[in-house]
Structures are given as C-alpha cells and as structure tokens.
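this one's structure only:
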C-alpha cells in the first residue's frame, strides 16, 4: 500500500514539474511583483496598478495596460459590504436627507470617480469593509481640497497632528493630507488601528471622528456605571452621534439606489490614474500643459502641491489619467526649455517682501501673492520665499530646502523698546497716551486693562519705537506746568527714574513719580496767603504765587513744608 502511495506522489510531482507556466505568468514572488511597477500581462503589454509609481526618467509608459474588466464598480463595492447595518431612526433620517438631495449626491459621486477605484482596491488588499470607501462622502464630500474650521484637510480630513503621526508630510511646498495616495494609506492605517483597539467598526468610526481617547473614556464611564459599552449606548457629541448614521445613509443609497430614486453615475471598474515621477523641478501649469489636461483637472488629481512648482528633489508622485501619462512622458522628453520658473530665497534677517523684490529685481506683488503674504506683514529671519528664477539661475531647489524650508511672518511694525512709567495722581490713559505717542487701546492691550481709570503711582508698560524711547521717557518724567492750585502743586512733584529687573531678567527703566522724602522751601505771598484755621497748627500746604517783581512793602515769609 505504501509503495502504491509513493508511486502516485512521484507521478504527481513529476507532472507538476513538467507543466509549463501559462503565457504571461511571472515566476517572481508576490512581494517582488508588488515592488516592480511594470509586469507583463497576457497580451504582452505592461500592467500597472494605481498605487505604483512609474519613474519617467528610467521607465517607459508605452504599451501600459491595466488588464481589468468592464464590470461596474458599484457592484464590486456592494459585494464587499461587511459592517453590520445601523438600523436606527437617525440613520433613516439621514438616508432621507441625502435621498431628497439627488443633485448633491450626484456632485459628490462625480468628484469621487477619480479616486474611488484606488480606494476600493486598497480596502480589498487589506481585507477591510468596502463601506469605508464611502467615508470620504461623509468627511469631505470627496473634495481633496476641503479644509475644516478645525484645520482638518483633504478627502479624509486629517488634522495636522494626526497627519504627522501617520507620516503625512506638511511643509512649505506640499501637504500630503490632501495627497490622494498618501492620505488614503494613512486613513486606512488609522482605521485599522482603531478597529484593533475597539473590535467594533461602529466604535472605530466614532473614534475616527471624535478621537480614540474620547471614545475610550466614554466606554470607561459606562463600565463604571454598569451600563452597556456598545456604540449606541455611549454618550457622545452631536457631530459624532450623526457621523456613523451618515455613513449608513450613504450605504443604504448605494445598496438600493432605485428604492430612494437616486441614479448612480456609472464608474468603470478600472483605475482612473497612473502615478509618475521625475527628478526635475517642473511648474504645475507646464505639467498640466504637457499632459494635455485642464489645470483644474490636474490640480484635482494632485491637490497636495501647495506652490506653482513641483519639486523633483521631493520625489513627487504625480497622478495623471492613464491616457495622459504617455503623452506627458513623450512631451517631457522633447521639451527643450526650462521646466521651472521658480527658485527660493532665504532671508538672513527680518525683511519686507518689497526689500527682497528690489534686491532680486522682481515684482513685489508676485512675491506676496505666490507666498500668500498679507499686507503689513514681513519676513522673520531664516524665512524661505519662493521667487521667480533669474536668467543666471539654472539649479533646481535642493532636497534640504524642499524638506526644511519655513516661511515665518510677523507684523510689519517699527522696532520697539519696552519702557515702564508711573501714572501721576488723577492721571488718565488719554494723558499718558498723549505724552507717549501711543493709543489708549494699545496701553489697554499691553497692560490688560479694562477700565480707563488710573490710580496715582500705577505702573504702566509701554512699547514705543526705539528712536522715540528717550523722548517718551523724558516726557513722562517732566513735571506738568505749574498752576495756581495747591492740589496740583503736589501732583507735579518732580519724578525720578530707576532700573528694575523685568520678568525676562532684563533691566527696564522705570519712570517714578513718587517724591523723595525731603523738605522744600516755598515762598508765600503775605499779601494773599490764606490765614491758618488754628493758631497752634501750621497749614498743611502753602502755595507760592511768584510775581514778576517782589513786593516792596510786604516782605516775603519763608516756611518749610514737608512733601508727602
């Protein structure tokens, strides 16, 4: 018996070894196939998937093919539905909301037709539910340029911090939160992590919207109170409470469009775009022209490029429709003019864009526009600007600049010096502002004041131009003009200045109006001096009224009065 089994196995192995592989089959491993962007199909053409990038400097796009059939993509999506349905009143309410707005649904779907195939392929490769391909309908209406009030960007609406966590580059030239390929990879990575954390897709989706920490705390609260911890039992914000029902509503319409009187536009079951790259800088407008594409369609496929130039040093993934890629490569190789009209300038000190423009001999309005610099703003030291190339510059932007360039701005205000003054008795903000050449609003802002009233001796912080600092301190230190009032005489006692240590450890000059503890001589006119109310007391204040010439018959009386 053993001999018979051994003979049968030997014959079977021999037959397998002698059978030739089918035409077009590859002997490489699946891993090797995935790393090679080009693989022959049965018709002898090169087959490429939407997540692979063709290097235009080394590979050819001639005779590329996808080898896909003409089946409807919607049927493929329905076949992959695997998240349990959420049958709630809120889900039905959102379904009716979308069904009553067929034009809105149609616009979303028209935008999605460029990206949907790629996302479905990625989901299937990861064995994830295809309902997740509908999530950008909820997040951004499938608009890769969408930006929320919370600074979430792209189809998948990544906030800056989460984008960095999932390796989405955000620099001066590119924001990969808007990149079709990179953001999709990051979103599916994040969703996979959330599902691994909670073991439930409804909870994972709630965490994608609300944050995993918030969902976990909601679960912990329910556990502490002995309550269920499923999705429907958790307390959550209104936005999150509507989030999963919205996805369920889109799923309901895609699953049964006729039931809701919605006509789904046909989306072919093959890739819309191919990814290419080049090591040379190229203007966005020129790239669109070489690909024979309208500029808005080129930007719709490549929304992550923030400037009018694509940097070759950043190893860009440029998405082009399949038919346009071959045209682009052919025209690119035959183009004998400069591909880029932009370079960079790094400021060594604080500068105005107008100063840079004069230095480089270019239009200041162009510099402000392309770098999005608002009026009355200037560059901080170390800032990098995108500027037009000159005839003598032929080098592309370096990799270090592409990665590390930063544009930092500050208000274009004169250089100021911080001084501190003391308010005089009965002083007002208006009086201090007038003496110092600043506004009342500025004094309030610098000193966090809510009222206009001041108290005698109150310290006030002022920020004045350096060239005016000495004048402001002198004006604040000068006594007011003498008046014939006893009260005002005390208020005009000569101030002093002194140095005090500020919060940052620097010495600050303080104008101090508190009088020194000493006695002064005051000359009183005996002709008009007020009589003392008590013979045993000297008057608290004796005010001198000085005539142009001393009186001949009334000799002056000299008294010593202690200042307060």
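Nice, I can see it. This one's a predicted model, so the numbers in the text were calculated from it and none came from an experiment. Numbers count the residues shown, from 1 in each chain.

May I see the buried residues of stretch 211-230?
For stretch 211-230, burial by neighbour count (16 or more other Cβ atoms under 10 Å) applies to 212, 214-215, 218-219, 222, 229. From N, CA and C alone the C-beta is placed, and that goes for glycine too.

what's the closest of those to residue 150?
Using Cβ to Cβ, residue 214 is the member of these that sits closest to residue 150, with 14.0 Å.

List the contacts of the closest one.
Shown in contact with residue 214 (Cβ atoms under 8 Å, 6 or more residues apart in numbering): 207, 236.

secondary structure element for it?
helix 212-224 (DSSP states H and E).

which residues in the stretch 201-350 of the chain form strands?
273-277, 282-283, 309-310, 318-321, 342-346 (DSSP state E, counting those that start in this stretch).

how about the most centrally placed residue in the chain, phi and psi?
The structure's the chain has its C-alpha centroid closest to residue 151; by Cα atoms, centre = their mean the separation is 5.8 Å. With angles defined as degrees, to the nearest 10, residue 151 sits at phi 70, psi 20.

That one and residue 350, how far apart?
Per Cβ to Cβ, to the nearest Å, residue 151 is found 27 Å from residue 350.

Go through the buried residues of stretch 211-230 and name the one nearest residue 268.
Using Cβ to Cβ, residue 212 comes nearest to residue 268 of those, at 36.6 Å.

Contacts only, for that closest one.
Residues in contact with residue 212 (Cβ under 8 Å, 6+ apart) are 194, 197-198.

Can you flag which of those residues belong to helices?
Of the contacts of residue 212, the ones assigned to helices by DSSP state H are 194, 197-198.

about what we covered before: any chance of the strands of the stretch 201-350 of the chain in a markdown table, plus mean neighbour count and mean pLDDT?
Converted to a markdown table, the strands of the stretch 201-350 of the chain look like this (neighbours: other Cβ atoms under 10 Å; pLDDT from 0 to 100):
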| stretch | mean neighbour count | mean pLDDT |
| --- | --- | --- |
| strand 273-277 | 22 | 95 |
| strand 282-283 | 20 | 98 |
| strand 309-310 | 25 | 98 |
| strand 318-321 | 24 | 96 |
| strand 342-346 | 18 | 96 |
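
Now distance to residue 306, pLDDT and neighbour count too, for the ones in helices among the contacts of residue 212, in CSV please.
Shown next, in CSV, are the ones in helices among the contacts of residue 212 (distance: Cβ to Cβ, whole Å; pLDDT from 0 to 100; neighbours: other Cβ atoms under 10 Å):
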residue, distance to residue 306, pLDDT, neighbour count
194, 29, 98, 20
197, 33, 98, 14
198, 35, 98, 20
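
Between these, which sits nearest residue 86?
Nearest to residue 86 among the ones in helices among the contacts of residue 212, counting by Cβ to Cβ, is residue 198 at 15.3 Å.

Tell me if I'm right that that closest one and residue 210 touch.
No. Assessed by Cβ atoms under 8 Å, residue 198 is found out of contact with residue 210, at 11.9 Å.

For the residue nearest to the centre of the chain, give me its contacts.
Residue 151 touches 159-160, counting by Cβ under 8 Å, 6+ apart.

ok, residue 113 - contacts?
265, 267, 272.

ChimeraX command for the buried members of those residues?
Buried subset of those, written as a ChimeraX selection, criterion 16+ other Cβ under 10 Å:
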select :267,272
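
and of the contacts of residue 113, the nearest to residue 162?
When those are compared against residue 162 (criterion: Cβ to Cβ), the nearest one is residue 272, at 26.9 Å.

so that closest one touches residue 324, yeah?
No. Using Cβ under 8 Å, residue 272 makes no contact with residue 324, being 10.7 Å away.

what stretches of the stretch 1-150 of the chain score poorly on pLDDT?
Filtered on pLDDT under 70, the stretch 1-150 of the chain yields the residue ranges 1-71.

Strands of that one, start to end?
Ranges of strands within the stretch 1-150 of the chain are 39-40, 46-47, 53-55, 64-65, based on DSSP E, counting those that start in this stretch.

before we move on, back to that, now the buried residues of stretch 211-230 as CSV including pLDDT?
Formatted as CSV, the buried residues of stretch 211-230 follow (pLDDT from 0 to 100):
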residue, pLDDT
212, 97
214, 98
215, 98
218, 98
219, 98
222, 98
229, 97
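
In a markdown table, list these along with distance to residue 436.
Listed next are these as a markdown table, based on distance: Cβ to Cβ, whole Å:
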| residue | distance to residue 436 |
| --- | --- |
| 212 | 53 |
| 214 | 49 |
| 215 | 54 |
| 218 | 54 |
| 219 | 58 |
| 222 | 60 |
| 229 | 62 |
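
residues contacting residue 472?
Residues near residue 472 by Cβ under 8 Å, 6+ apart: 419, 421, 435-437, 462, 464.

Narrow those to those in helices?
Counting by DSSP H, the contacts of residue 472 contribute 435-436 to helices.

From the contacts of residue 472, keep the buried residues only.
For the contacts of residue 472, buried by 16+ other Cβ under 10 Å: 419, 421, 435-436, 462, 464.

what's the closest of those residues to residue 92?
Nearest to residue 92 among the buried ones among the contacts of residue 472, with distances taken as Cβ to Cβ, is residue 462, at 63.5 Å.

ok, now how distant is the closest one from residue 448?
Residue 462 sits at a distance of 14 Å from residue 448 (criterion: Cβ to Cβ).

Okay, now the unreliable bits of the stretch 451-564 of the chain?
Counting by pLDDT under 70, the stretch 451-564 of the chain has low-confidence residues at 474-564.

How about the contacts made by the closest residue to residue 352 other than its chain neighbours?
In space, and not counting its chain neighbours, residue 352 is closest to residue 378: 4.7 Å by Cβ to Cβ, 6 or more residues apart in numbering. Residue 378 makes contacts with 350-353, 409-412, as judged by Cβ under 8 Å, 6+ apart.

Show me which of these is closest to residue 82.
Proximity of the contacts of residue 378 to residue 82 (Cβ to Cβ) peaks at residue 409, which lies at 49.0 Å.

Go ahead and confirm that closest one touches residue 377.
Yes. Using Cβ under 8 Å, residue 409 is in contact with residue 377, at 4.6 Å.

on that earlier part again, and which of the contacts of residue 378 is nearest to residue 340?
The closest of the contacts of residue 378 to residue 340 turns out to be residue 353 (Cβ to Cβ; 20.9 Å).

so how many other residues sit close to that closest one?
Neighbourhood size, residue 353 [other Cβ atoms under 10 Å]: 25.

For it, which non-adjacent residue is closest in space?
residue 367 (4.7 Å).

And the helices in the stretch 301-450 of the chain?
For the stretch 301-450 of the chain, helices defined by DSSP state H, counting those that start in this stretch occupy the ranges 322-334, 353-360, 364-370, 399-404, 429-436, 440-447.

who's residue 416 bridged to?
residue 465 (DSSP bridges).

Can you tell me the number of residues neighbouring it?
14.

Restrict the contacts of residue 378 to the buried ones and give me that as a ChimeraX selection.
Applying 16+ other Cβ under 10 Å to those, the buried members can be selected in ChimeraX as follows:
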select :351,352,353,412
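
Same list (the contacts of residue 378) but as TSV, adding distance to residue 303 and pLDDT.
As requested, those are exported to TSV (distance: Cβ to Cβ, whole Å; pLDDT from 0 to 100):
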residue	distance to residue 303	pLDDT
350	33	92
351	31	94
352	31	95
353	26	96
409	24	95
410	29	92
411	31	89
412	31	88
